[in-house]
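**Q** Make a model of this:
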Amino acid sequence: MHFNLITIPSDTPRTPLKGGLFKRALRNLLGMSATQFHEHIKHLLPLAESIERLTPALAHNGPNVEYPWESPNREIHIPLRYSFPALRELRRLPGTNLIKIVNLVQQQFYRLFT
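**A** A predicted model of the protein is given here:
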């Protein structure tokens with residue numbers, strides 16, 4: 001994955017987007033109507049939420065991407081060797097669309113949030 005670094009002049013005025021303004025700006029970047037955007041995001045949310053649940057705080061002593069955990073059959077698992085279903089989903093729709101949106105937000109970060 002390639003990340004573009006953006007240098008922002010220190011004297012640049014900042015007006016961060018909030019809630020609805022961010023959604024509208026992202027929708028415009030994607031070239032979608034409000035209905036299309038709503039449907040698109042609705043299909044991405046379950047995967048985004050399952051990825052979020054891979055954090056230790058939300059994994060509740062289960063599979064997480066940071067620390068080893070013990071399964072109910074007392075087997076110890078480590079993240080490096082575990083095949084996370086949510087991460088496999090990133091290789092097909094809607095996962096590839098989620099990655100495209102994350103990349104777009106990263107590339108347009110300055111435009112969206114300042």
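**Q** Show me where this structure has its helices.
**A** Applying DSSP state H to the chain gives helices spanning 19-30, 34-52, 56-59, 85-88, 95-107, 109-113.
**Q** right, so of those, which gets closest to Ser71?
**A** Proximity to Ser71 (Cβ to Cβ) singles out helix 56-59 among the helices of the chain, at 12.3 Å. To be clear about C-beta, it is placed using only N, CA and C from the backbone, and glycine gets the same treatment.
**Q** May I see the helices of the chain organised as a markdown table, with mean neighbour count and mean pLDDT added?
**A** Formatted as a markdown table, these follow (neighbours: other Cβ atoms under 10 Å; pLDDT from 0 to 100):
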| stretch | mean neighbour count | mean pLDDT |
| --- | --- | --- |
| helix 19-30 | 13 | 83 |
| helix 34-52 | 13 | 92 |
| helix 56-59 | 12 | 94 |
| helix 85-88 | 13 | 90 |
| helix 95-107 | 15 | 91 |
| helix 109-113 | 14 | 80 |
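**Q** just so I know, which of those helices lies nearest Ile78?
**A** It is, among the helices of the chain and with distance given as Cβ to Cβ, helix 56-59, at 13.2 Å.
**Q** now what about that closest one, what contacts it?
**A** 52-53, 64, 66-67, 69 (Cβ atoms under 8 Å, 6 or more residues apart in numbering).
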